[in-house]
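1. with the sequence up front, the predicted model follows.
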Amino acid sequence: QLQLVESGGGLVQPGGSLRLSCVASGFTLDYYSMGWFRQAPGKEREGVSAISCCDDRSYYADSVKGRFTISRDNAKNTVYLQMNSLTPEDTAVYYCAARWAPGGNVPRMSSDYDHWGQGTKVTVSS
């Protein structure tokens, strides 16, 4: 059974950092593009970052550029999102998603992705 499980969320003060992890089971990530999305209360889900399967091409939303870094370790079947300089506006449930994409593209829309985790909550507050 194909599954994505996020972890690493929690409560952090403004200016702090968190590293989210997304572990895949039931399949290998080698030829999957991976994305991170977030949904704040009362808002639509938005794309945060994405990374291609095979050449580390990546995408970042303007709101997180320079603060967040996406990476992947295919040997561990895991994708990470390092989040620095967090602000209250980053408070949301964060989801990882996977899309079969051996061509190496970097999908940005939630509709592009086939598989989703259940999310991990990030709260930035003093």
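-> All right, it came through fine. Since the structure is predicted, the reported quantities are computational estimates derived from the model, not experimental observations.

2. gap between residue 125 and residue 88?
-> To residue 88, residue 125 is 6 Å away according to C-beta to C-beta, to the nearest Å. (Each C-beta comes from the backbone N, C-alpha and C, glycine too.)

3. next, give phi and psi for the residue lying closest to residue 122 once chain neighbours are set aside.
-> Closest residue in space to residue 122, ignoring its immediate chain neighbours: residue 9 at 4.7 Å, by C-beta to C-beta, 6 or more residues apart in numbering. Residue 9 adopts backbone torsions of phi -70, psi 170, taken as degrees, to the nearest 10.

4. residue contacts, residue 9?
-> The contact partners of residue 9, by C-beta atoms under 8 Å, 6 or more residues apart in numbering, come to 18, 20, 93, 94, 120, 121, 122, 123.

5. also residue 107?
-> Per C-beta under 8 Å, 6+ apart, neighbours of residue 107: 33, 35, 50, 99, 101, 113.

6. now do the same for it: helix, strand or coil?
-> Following DSSP: H, G, I helix; E, B strand; the rest coil, residue 107 is assigned to coil.
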